[in-house]
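Chemist: just coords:
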């Protein structure tokens, strides 16, 4: 199980393709080989109210939160995080090179006793691959 939440400043919508950003993050997570396809969820969360650094209205941010189920070694999580961050960085490179941008990523490991989940996605994934 892994949920990727792409939190971003509202002014980013006029600067990059956000659907493309969600796709990029989702694909990067899958490419690590650490997260199962059926457990992967990626979504974007627009932030209307924010202030970045000195308040420059052109400044924007992307903060990626990865919420994971337990059981992965620290080194594996760190490597996956670095690979995903590299993909994010490459995706926004042209913007980063020309505008004030803040990028960040963090991982939260969810204790198994404090979460419940259920899905039937494996059945549908198997059917779509037939």
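Modeler: Looks like it came in fine. What you see is a predicted model; the values in this text were computed from it and never measured.

Chemist: return the helix or strand in the protein with minimum mean pLDDT.
Modeler: helix 121-128 (a mean of 77; mean pLDDT, DSSP states H and E).

Chemist: residue 17 is in contact with residue 95, correct?
Modeler: No - Residue 95 is beyond contact range of residue 17, at 10.8 Å (criterion: Cβ atoms under 8 Å). Using the backbone N, CA and C atoms, a C-beta is placed for each residue, glycine as well.

Chemist: tell me which of those two has more neighbours.
Modeler: Per other Cβ atoms under 10 Å, whichever of residue 95 and residue 17 has more neighbours is residue 95, with 15 against 11.

Chemist: now that one: how far from residue 11?
Modeler: 11 Å (Cβ to Cβ, to the nearest Å).

Chemist: shared neighbours of the two, anything?
Modeler: Common neighbours of residue 95 and residue 11 (criterion: Cβ atoms under 8 Å, 6 or more residues apart in numbering): residue 60.
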